[in-house]
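**Student:** Take this sequence and fold it.
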Amino acid sequence: MSSINNIILDGTTYSIGGSGSGLTSDVKAALLECFENVAWIGNDGQDYYDALEAALYPPANLTSISAVYTQSGAVYATDTLDSLKTDLVVTAHYEDNTSETVTTYTLSGTLVEGTTSTITVTYSGKTTTFTVEVYATYMDVTATFNVASTIITDGVASGNVSWTATDYVSCPNAYAKVKITNTIGSNIQGRGAWYDSTKTFIRNFASLAITSGSTLTETVPNNAAYFRLCSNNDTIKANATTNPVSLTARFTDD
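**Tutor:** Numbers count the residues shown, from 1 in each chain. So this is what the prediction gives:
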């Protein structure tokens, strides 16, 4: 490609090199307009025009990049780094105080299960980092009960001890299902309920009748922040022999 290093205007030589120094923005615009309107002889006109434009308006130096990551769902250790780009905006910042969103960056780092992992963004020799919450494939939450009256050992769930409502148990975000396995050695009968972040009732579990050794699977509401294994006005009945009695709620996407 042709290059232009000097321009003579009214007897004054301006050395423009790669910076366009000594020329005002109005002069630069006028020069380009003149070149654009000249009737070129031969085939070099466009080359000279491109060379002049590049000399007058060199690209500003890249000074830094920034990354804003807005996590919209669960990320697992098995996910690819490129899958994070959907929620990532990378901006290039230049020495002339301009900026632009860029997409031809690369990501490096490791997604470590159950941690907040740091990922590095690289673009044109500049780097920055962002963090992502990496979910375990499942998360266990324990709900503990205390027997509220004398234990009746008749082996029939509907005739056994009633438990009062549990405390609000926090739901881990982004899991689609919860599985509760009955490990207490007797049948369970009762009701569970979901609540939002203000502890306002959303809906009851579809069921909380779990025979001994079996597992109940519930779909987690999108806005659920807490659950109880019985609501304020309900009780859970089962045959228990010790206090406290605990059940494990396993949150998962399976």
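**Student:** Show me what the closest residue to residue 138 other than its chain neighbours is bridged to.
**Tutor:** Excluding the flanking residues, the one nearest residue 138 by CB to CB, 6 or more residues apart in numbering is residue 252, at 4.1 Å. The way it works is simple: take the backbone N, C-alpha and C, and place the C-beta from them, glycine included. Under the criterion DSSP bridges, residue 252 forms beta bridges with residue 138, residue 177.
**Student:** so residue 252 makes contact with residue 141?
**Tutor:** No - in this structure, residue 252 is not within contact of residue 141 by CB atoms under 8 Å, at 11.4 Å.
**Student:** Tell me the spacing between residue 134 and residue 200.
**Tutor:** 30 Å (CB to CB, to the nearest Å).
**Student:** Show me which residues of stretch 88-104 are buried.
**Tutor:** Across stretch 88-104, burial judged by 16 or more other CB atoms under 10 Å covers 88, 90, 92, 93.
**Student:** ok, so of these, who is nearest residue 106?
**Tutor:** Nearest to residue 106 among these is residue 90, at 10.2 Å by CB to CB.
**Student:** Pull the contacting residues for that closest one.
**Tutor:** When contacts are counted by CB atoms under 8 Å, 6 or more residues apart in numbering, residue 90 touches 65, 66, 67, 101, 102, 103, 105, 121, 123, 128.
**Student:** What's opposite it in the beta bridge?
**Tutor:** Beta bridges link residue 90 to residue 67, residue 102 when assigned by DSSP bridges.
**Student:** pLDDT wise, what is it at?
**Tutor:** Note for residue 90: predicted pLDDT of 98.
**Student:** This structure: helices as residue ranges?
**Tutor:** Taking DSSP state H as the criterion, the chain carries its helices at 25-37, 45-56.
**Student:** What is the shortest one packed up against?
**Tutor:** Looking back up the chat, that one is helix 45-56. helix 25-37 (3 or more CB pairs under 8 Å, 6 or more residues apart in numbering; DSSP states H and E).
**Student:** Now do the helix it packs on, average pLDDT.
**Tutor:** For helix 25-37, the per-residue pLDDT averages 68.
**Student:** what's the neighbour count on the residue nearest to residue 204 when sequence neighbours are not counted?
**Tutor:** With sequence-adjacent residues excluded and distances taken as CB to CB, 6+ apart, residue 204 is closest to residue 193, at 5.1 Å. By other CB atoms under 10 Å, 22 other residues sit near residue 193.
**Student:** wouldn't residue 215 be in contact with residue 178 here?
**Tutor:** No - counting by CB under 8 Å, residue 178 is not a contact partner of residue 215; they are 10.3 Å apart.
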